[in-house]
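Asks: here is a sequence together with a model predicted from it:
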Amino acid sequence: MDRSKSKGIVVFSGGSAANNLVDVFKTVRENKKCPLSYVIPISDNGGSSSELIRVFGGPGIGDVRSRLVRLIPDDPDHDDSEKAALKVFFNHRLPKDRIEAKQEWLQIVEADHALWTNISTAKKELIRSILNLINFEILKRLRPSSTFDFSSASIGNLFLTGGRLFTGSFESAIYLLSSICSVPSHTSVVPAINTNFTHHISAGLANNTKITGQNSISHPSKITALEGMPATAPSEHEETEYHDSIEDANLPGSLPTLRKQYITFSKADDDDLPARIDRIWYINPFGQEIRLAANPRVLDALREAQAIVYSIGSLYTSLVPSLILKGVGEAIANPSIRYKILILNSTNDRETGPSSSPFSAVDFIAAIAKAGAESRGFTGEVGENEYKAYVTHLIHLQGPGTPRVDKEVLNGLGIETIRVYGRRMEGEGFVRYDEKALIQALEVTVGKREQRAERSRRNTLEG
């Protein structure tokens, strides 16, 4: 068999934003008849994941879970009510109220809940066994200083945590959920780091400010107070001593900001950062910088890749944490990978501002190149002539609020630009990618079709 025909596509992404493009990547994969790998970061410490991390340690699993569930296949030719039920089940969140959340959780583990409808007995009992295990582990860790808060907890996240504790392996838990959800074998969800530990990130801003923890970088949220937390704002020393008195999965003396509950947050109401983000790095629980190696499966996928796609999402918390890992930059820069495609966000967010100085397309590419260079141990400025080693093509929208794309500058850097048609949804202030147009742009770029896609209003190749 000609191995070149089976070389795969590797997509770097986070969770929710890129979930909207899963059908796009699925179609491109089918037309190319090749493997597809999603590389997902594990540094998120916000939302209900913060409580799982506080009590059990381990990686941030929310983005991995959301991608696995999104990949449950839809078969329009068959009425597969079980797959639909599994999608609802693993995406389900418990109520925000703490008491109501615990009551509903007990209904679920006791199989006395409508969520189990249409799930076969065999799968139900397998799922329940893992949920009962995590319930038992929660009870084992019950202490006067620490009780588990089920508020807004994701059933899928609880299942993945239970699977990891049962097998001792994060990837085994992913395999179990993939199997239950019938995720096709040609599509893989690969955590950027294969770990049973928690790994946090910090951001350095251009004004020398440092922000610790992904949640604080991307969407600062209201801290969920633990029982007994002082009503008045404590000093850093008092706060550290207070958290040391809580018996949970955190090491004594570790940074208080990494030990708090961030269950409630909003992605819509984020203030500007005081300056641009200059750099992202991993830290240990005490705030010291560490260099981590990528999951070997990520490097294997990159070695067998014909194309890399940087998907839409948060630049510095969805893409960069995967790109700075040891081994990734060198693998991406390998000239045997011909297509390294950035799908540019349709708007700038908190991470690519501030609003007075929003990122352009060149700024996005520079950040990716810098992350790739840091993965290779280089911490200085990256020359513009090196950008094309990490990004060869840019797909973008055009319209109000979209990042500025300087076609001539990008062409001078050896980067092709492809403008595609977008659509504006009612009630939204930004443009979304049109699926058909994006599929055409990707397929024109990687050259999969027998016939080159024609220029049209929906897909305009520039450069």
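Replies: Sure thing, it's come through. Numbering: from 1, shown residues only.
Asks: show me the shaky parts of this protein.
Replies: Low-confidence segments of the chain, defined by pLDDT under 70: 1-5, 76-79, 221-234, 265-270, 426-427, 429, 448-463.
Asks: mind splitting it into its structural domains?
Replies: Split into domains by automatic domain parsing, the chain comes to 3-41+272-462, 49-184.
Asks: out of those, flag the one nearest residue 193.
Replies: For those, proximity to residue 193 was assessed by Cβ to Cβ; domain 3-41+272-462 is nearest, at 5.6 Å. (Each C-beta comes from the backbone N, C-alpha and C, glycine too.)
Asks: how distant is the closest one from the center of its chain?
Replies: Offset of domain 3-41+272-462 from its chain centre (Cα atoms, centre = their mean, to the nearest Å): 13 Å.
Asks: burial of residue 149, as a residue count?
Replies: By the criterion of other Cβ atoms under 10 Å, residue 149 has 20 neighbours.
Asks: just say helix, strand or coil for it.
Replies: coil (DSSP: H, G, I helix; E, B strand; the rest coil).
Asks: check contacts around it.
Replies: The contact partners of residue 149, taken as Cβ atoms under 8 Å, 6 or more residues apart in numbering, are 51, 98, 101, 224, 261, 263.
Asks: distance of residue 367 relative to residue 444?
Replies: Distance from residue 367 to residue 444, counting by Cβ to Cβ, to the nearest Å: 26 Å.
Asks: those two: which has the busier surroundings?
Replies: Neighbour count, other Cβ under 10 Å: between residue 367 and residue 444, residue 367 has more, with 24 against 19.
Asks: pull the longest helix from this structure.
Replies: In the chain, assigned by DSSP state H, the helix with the most residues is helix 121-140.
Asks: in that one, what counts as buried?
Replies: Neighbour counts using 16 or more other Cβ atoms under 10 Å place 123, 124, 127, 128, 130, 131, 133, 134, 135, 137, 138 of helix 121-140 among the buried residues.
Asks: which non-adjacent residue is nearest the last one?
Replies: In other words, residue 138. With Cβ to Cβ, 6 or more residues apart in numbering as the criterion, residue 138 has its nearest non-adjacent residue at 4.7 Å, and that residue is residue 148.
Asks: the one you found: what's it in contact with?
Replies: Contact analysis of residue 148 by Cβ under 8 Å, 6+ apart lists 51, 55, 138, 141, 142.
Asks: for PyMOL, what selects the buried ones among those residues?
Replies: Restricted to buried positions by 16+ other Cβ under 10 Å, the PyMOL selection for the contacts of residue 148 reads:
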select buried, resi 51+55+138
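Asks: reformat the contacts of residue 148 as TSV; add distance to residue 411.
Replies: As requested, the contacts of residue 148 are exported to TSV (distance: Cβ to Cβ, whole Å):
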residue	distance to residue 411
51	49
55	52
138	56
141	57
142	62
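Asks: quick check: the two most widely separated of the buried residues of helix 121-140?
Replies: 123 and 138, at 22.6 Å, using Cβ to Cβ across the buried residues of helix 121-140.
Asks: report how many residues lie close to the nearest residue to residue 135 once chain neighbours are set aside.
Replies: Nearest residue to residue 135, sequence neighbours excluded (Cβ to Cβ, 6+ apart): residue 109, at 5.2 Å. By the measure other Cβ under 10 Å, the count of residues near residue 109 is 17.
Asks: who are the contact partners of residue 109?
Replies: Per Cβ under 8 Å, 6+ apart, neighbours of residue 109: 128, 131, 132, 135.
Asks: residue 170 versus the first one, what's the distance?
Replies: If I follow you right, that is residue 128. Taken as Cβ to Cβ, the span from residue 128 to residue 170 is 21 Å.
Asks: and if you look at the third one?
Replies: When distances are taken as Cβ to Cβ, residue 132 and residue 170 turn out to be 20 Å apart.
Asks: about what we covered before: want to throw the domains of the chain into TSV with distance to residue 256?
Replies: TSV is the format used below for those (distance: least, Cβ to Cβ, whole Å):
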stretch	distance to residue 256
domain 3-41+272-462	11
domain 49-184	12
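Asks: out of these, nearest to residue 240?
Replies: Nearest to residue 240, of the domains of the chain and by Cβ to Cβ, is domain 3-41+272-462 at 10.5 Å.
Asks: my guess is residue 295 contacts residue 189. True?
Replies: No - here residue 295 lies out of contact with residue 189, judged by Cβ atoms under 8 Å, at a distance of 11.3 Å.
Asks: what helix or strand is residue 237 on?
Replies: Element membership of residue 237 [criterion: DSSP states H and E] is helix 236-244.
Asks: tell me which other helices or strands that helix touches.
Replies: Using 3 or more Cβ pairs under 8 Å, 6 or more residues apart in numbering; DSSP states H and E, no helix or strand is in contact with helix 236-244.
Asks: that one: which residues count as buried?
Replies: Of the residues in helix 236-244, those buried (16+ other Cβ under 10 Å) are 239, 240, 242, 243.
Asks: how much space between the third one and residue 235?
Replies: Think residue 242. Applying Cβ to Cβ, the value for residue 242 to residue 235 is 10 Å.
Asks: just residue 181 next, same as before
Replies: According to Cβ to Cβ, residue 181 stands 47 Å off from residue 235.
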